[in-house]
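Visitor: Fold the stuff below for me.
(2 chains)
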Amino acid sequence: MNNLRGIYTIWYRDLLRFWHDKMRLIGSLTFPLLFLFIFGSGLSARMGLLGPGIDFTRFIFPGIIGMTVLMSSFMAGVSVVWDREFGFLKEVLVAPISRTCVAVGKTLGAATVALLQGMLILLFAPLIGVSFSMWTVLALLPLMFLLAASMGSFGILLATRIRTMEAFQAVMQMLMFPMVFLSGAFFPVQGLPTWMNILVKLNPATYGIDPIRQVALGTQADSPFSLILFGHTMSIWDDVMILALFGLVTTVLAIWSFSNQE
Amino acid sequence: MSDYIIEVENLVKRFGGLVAVDDISFKVKVGEIFGFLGPNGAGKTTTINILCTLLRPTSGRALINGFDAVRQQSQVRQSIGLVFQDPSLDERLSGLQNLRFHAMVYNMPASVREQRIEQFLQMMQLWDKRHNEVRTYSGGMKRRLELARGLLHHPKVLFLDEPTLGLDPQTRHRIWEYILKLRQQEDTTIFLTTHDMDEANKANRIAIIDYGKIIAMDSPEKLKKMVGKDIISVKTDDDKRAAKEIELRYQIEVRHDSSGLTFEIADGEQFLPDFIKEFSHKILSVNLRCSSLDDVFLKLTGREIREEEVRDTLKAMVRQHGRRMRR
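Guide: Take a look at the predicted model:
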């Protein structure tokens, strides 16, 4: 009970801060929307259909949702570095709540904020001529949340080991963009050069983007967009298992890392 | 239940080759104001960080409210309140939200929470500003809010790490008024670190700390007696003769310069009335200066504590400024 309250308090603060900071919200939506409308519209006309009834804009739309969720949750680790710099982390660390609560609360806070941002992108679906059924949306939300939570705990894990804002930003740039570009958010992951194929399959984000796309576009046998691992076409559940495992490992490491903060 | 709220035995903290805290032991009684006095880098903050579970000691033991600072962290944390040297507020939240966060984290029942938050905000004269974001507060207001926060959950021990560093004298005075008032109301033990002499004088007992070691520990009055003598300066209508008279009558050395005569005497306050009555020359002015903790520190270490103080204040200013620039 005490632990739940601790987690809730940490989570609640992150949401309050998000709410106070509406500029950040607008800023964080600009980039994905630019991608969607400018890239999407620019390339769609030339590329024609990538699959049955699916042009480039429709193809990248689930990718853009995944990218928004990924970037927002991964970047949320910055709040830990920020709190350290402004001293608030000390208030959290001397509080009589376990470090496990702090790490879990932070992860859930990052995931919730990222989910909200992803949902805002979903609202743009009608503008590119996509309509989702209620059931599709309900299936998308938990997948988005899983991606957000695992990337959030990864970001927080890194943040507990990084002392300065500058270093954190550098690490983010070095990890985040490769993760986004190599996740299959912008292109189908079949028939890639070998080196790229290996990186794509090693990238945990790949297993977050694929199920979102499968739900958004519908799963078909022999789809040109399928993710194939060792000759096996990944189902939504296969992806979820791998991503959840990754999330579990990063969460445990983040808890451990928080517990050893001095 | 022991009489001591803090018990520290042979505490050592090393950072690599540097020994920040070098085998210190002390005890603090319930309800006492206990001060750590020393220049920056002496190990004051490191000791506080160990006592409040932020750092693990290399060796030795620390008990707070009977709980071990390493093995019973959660109970220790519940027993203490803290005001850090550097601000530790969430600047993007309001004053009220900062206190609410604290109350929730410290498991205060909802029924007590709001009422006590209001009580402390009123006392610190922040009630009118409670909905403003903390980044709009002045330095003094932030410090008052931190003090309110440190006391909100009625801790057994309140740690104050340089509580008035970088504040103007008026705010400093006000904050001390609050601290003393709160101690009376809540019977809180106060552990403070400072390199400010005025502040150290407010403590019941002081440990003077230098290079990680406690080099003296007693009440401020007794520590000052260690240096012993009071200093008296006199101006007369004829300093030359007056000097002779004093030297002859009291068998002491008198310094004579353009500003008058100065000499040291064991108990200045009792000496002065008789001196003035019996002195044959006309006295133009007289000044008695008691030995200060400055003098104590000087005598014990051969260095002035103040030299370091100026540098620290500058450093604090630069740090504050740097932060603002980065935002």
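
Visitor: Tell me the secondary structure of B:Ile190, please.
Guide: Judged by DSSP: H, G, I helix; E, B strand; the rest coil, the three-state class of B:Ile190 is strand.

Visitor: need the strands for the stretch 1-150 of chain B, in chain order.
Guide: Assigned by DSSP state E, counting those that start in this stretch, the stretch 1-150 of chain B shows strands spanning B:4-15, B:18-29, B:33-37, B:59-64, B:67-68, B:80-83.

Visitor: Return the most buried member of those strands.
Guide: Highest mean neighbour count of the strands of the stretch 1-150 of chain B: strand B:80-83, a mean of 26 (counted as mean count of other C-beta atoms under 10 Å in any protein chain shown). For the C-beta atoms, the positions are set from N, CA and C on the backbone; glycine is no exception.

Visitor: send the alpha carbons of that strand over as CSV?
Guide: Listed next in CSV are the C-alpha coordinates belonging to strand B:80-83 (Å, rounded to 0.1, in the frame of the first residue of the first chain):
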residue,chain,number,x,y,z
ILE,B,80,14.5,13.4,9.7
GLY,B,81,13.9,16.6,7.8
LEU,B,82,16.4,18.4,5.7
VAL,B,83,17.2,21.8,4.4
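
Visitor: What helices and strands are in contact with it?
Guide: Applying 3 or more C-beta pairs under 8 Å, 6 or more residues apart in numbering or on different chains; DSSP states H and E, we find strand B:80-83 packed against helix B:139-152, strand B:157-161.

Visitor: I'd like the mean pLDDT over it, please.
Guide: Averaged across strand B:80-83, the pLDDT comes to 92.

Visitor: Can you list the strands that it pairs with?
Guide: Looking at strand B:80-83 with DSSP bridges, its partner strands are strand B:157-161 (parallel).

Visitor: Give the buried residues for the partner strand.
Guide: Buried residues in strand B:157-161, counted by 16 or more other C-beta atoms under 10 Å in any protein chain shown: B:Val157, B:Leu158, B:Phe159, B:Leu160, B:Asp161.

Visitor: check contacts around the closest residue to chain A within the stretch 151-300 of chain B.
Guide: Of all residues in the stretch 151-300 of chain B, the one sitting closest to chain A is B:His153 (8.9 Å; C-beta to the nearest C-beta). Contacts for B:His153 were tallied using C-beta atoms under 8 Å, 6 or more residues apart in numbering or on different chains; they are B:Gln78, B:Gly81, B:His102, B:Ala103, B:Tyr106, B:Met108.

Visitor: surely the first one meets A:Ala95?
Guide: Looking back up the chat, that one is B:Gln78. No: applying C-beta atoms under 8 Å as the test, B:Gln78 and A:Ala95 come out as separate, 9.2 Å apart.

Visitor: which residues do the two both contact?
Guide: B:Tyr106.

Visitor: more neighbours, these two?
Guide: Counted by other C-beta atoms under 10 Å in any protein chain shown, B:Gln78 and A:Ala95 do not tie: A:Ala95 has more neighbours, with 24 against 17.

Visitor: before we move on, back to that, in JSON lines: the contacts of B:His153, plus distance to B:Ile276.
Guide: What follows is the contacts of B:His153, written out as JSON lines (distance: C-beta to C-beta, whole Å):
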{"residue": "B:Gln78", "distance to B:Ile276": "58"}
{"residue": "B:Gly81", "distance to B:Ile276": "49"}
{"residue": "B:His102", "distance to B:Ile276": "57"}
{"residue": "B:Ala103", "distance to B:Ile276": "59"}
{"residue": "B:Tyr106", "distance to B:Ile276": "58"}
{"residue": "B:Met108", "distance to B:Ile276": "59"}
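
Visitor: And B:Arg306, what's its pLDDT?
Guide: In this model, B:Arg306 is scored at 55, pLDDT.

Visitor: which residue packs closest to A:Ala254, ignoring adjacent ones?
Guide: Excluding the flanking residues, the one nearest A:Ala254 by C-beta to C-beta, 6 or more residues apart in numbering or on different chains is A:Leu157, at 4.1 Å.

Visitor: for B:Ile232, same thing?
Guide: With C-beta to C-beta, 6+ apart as the criterion, B:Ile232 has its nearest non-adjacent residue at 5.4 Å, and that residue is B:Leu288.

Visitor: pretty sure the one you found belongs to a strand, no?
Guide: Yes: B:Leu288 forms part of a strand when assessed by three-state DSSP.

Visitor: give me the number of residues near it?
Guide: Using other C-beta under 10 Å, B:Leu288 is surrounded by 14 other residues.

Visitor: which bits of the stretch 151-262 of chain A sit near chain B?
Guide: The stretch 151-262 of chain A comes close to chain B at residues A:Met165, A:Glu262, as judged by C-beta under 8 Å from any C-beta of the partner chain.

Visitor: In the stretch 151-262 of chain A, which residue sits closest to chain B?
Guide: Among all residues of the stretch 151-262 of chain A, A:Glu262 sits closest to chain B, at 5.5 Å; criterion: C-beta to the nearest C-beta.

Visitor: How about that residue: what's its closest non-neighbour residue?
Guide: B:Leu55 (5.5 Å).

Visitor: Can you give me the neighbour number for the one you found?
Guide: 20.

Visitor: mind pulling up the phi and psi values for it?
Guide: phi -130, psi 150 (degrees, to the nearest 10).

Visitor: wait, what's in contact with it?
Guide: B:Leu55 touches A:Glu262, B:Lys13, B:Thr46, B:Asn49, counting by C-beta under 8 Å, 6+ apart.

Visitor: just to revisit the earlier point, of the contacts of B:His153, closest to chain A?
Guide: B:Gln78 (4.3 Å).

Visitor: contacting residues for that closest one?
Guide: A:Pro96, B:Tyr106, B:Asn107, B:His153.

Visitor: A:Leu199 too?
Guide: Contact analysis of A:Leu199 by C-beta under 8 Å, 6+ apart lists A:Pro178, A:Leu182.

Visitor: SS state for it?
Guide: Classification of A:Leu199 using three-state DSSP returns helix.

Visitor: quick one on the thing from earlier: how close does the residue of the stretch 151-300 of chain B closest to chain A get to A:Ile121?
Guide: Here B:His153 is placed at a distance of 42 Å from A:Ile121 (C-beta to C-beta, to the nearest Å).

Visitor: One more: A:Met71?
Guide: 11 Å.

Visitor: shared neighbours, these two?
Guide: The contact sets of A:Met71 and A:Ile121 do not overlap (C-beta under 8 Å, 6+ apart).

Visitor: pLDDT value on B:Asn10, please?
Guide: Listed pLDDT for B:Asn10 reads 94.

Visitor: how about the nearest residue to it, chain neighbours excluded?
Guide: Closest residue in space to B:Asn10, ignoring its immediate chain neighbours: B:Gly60 at 4.2 Å, by C-beta to C-beta, 6+ apart.

Visitor: Does the one you found touch B:Asp22 like I think?
Guide: No: counting by C-beta under 8 Å, B:Gly60 does not reach B:Asp22; the two are 10.4 Å apart.

Visitor: residue closest to the middle of the chain?
Guide: Went with chain A since none was named. Geometric centre of chain A, nearest residue: A:Leu70, 2.0 Å, by C-alpha atoms, centre = their mean.

Visitor: other chain: chain B
Guide: For chain B, B:Thr194 is the residue whose C-alpha lies nearest the centre (C-alpha atoms, centre = their mean; 3.8 Å).

Visitor: if I pick that residue, what's in contact with it?
Guide: B:Gly35, B:Phe36, B:Leu37, B:Glu162, B:Pro163, B:Ala200.

Visitor: Quick check: bridge partners of the second one?
Guide: Okay, so that is B:Phe36. B:Thr193, B:Ala207.

Visitor: Relative to A:Thr233, how far out is it?
Guide: Taken as C-beta to C-beta, the span from B:Phe36 to A:Thr233 is 67 Å.

Visitor: Count residues in the vicinity of A:Leu46, would you?
Guide: Not quite, residue A:46 is Arg, not Leu. By other C-beta under 10 Å, neighbour count at A:Arg46 equals 7.

Visitor: now do B:Val112
Guide: 13.
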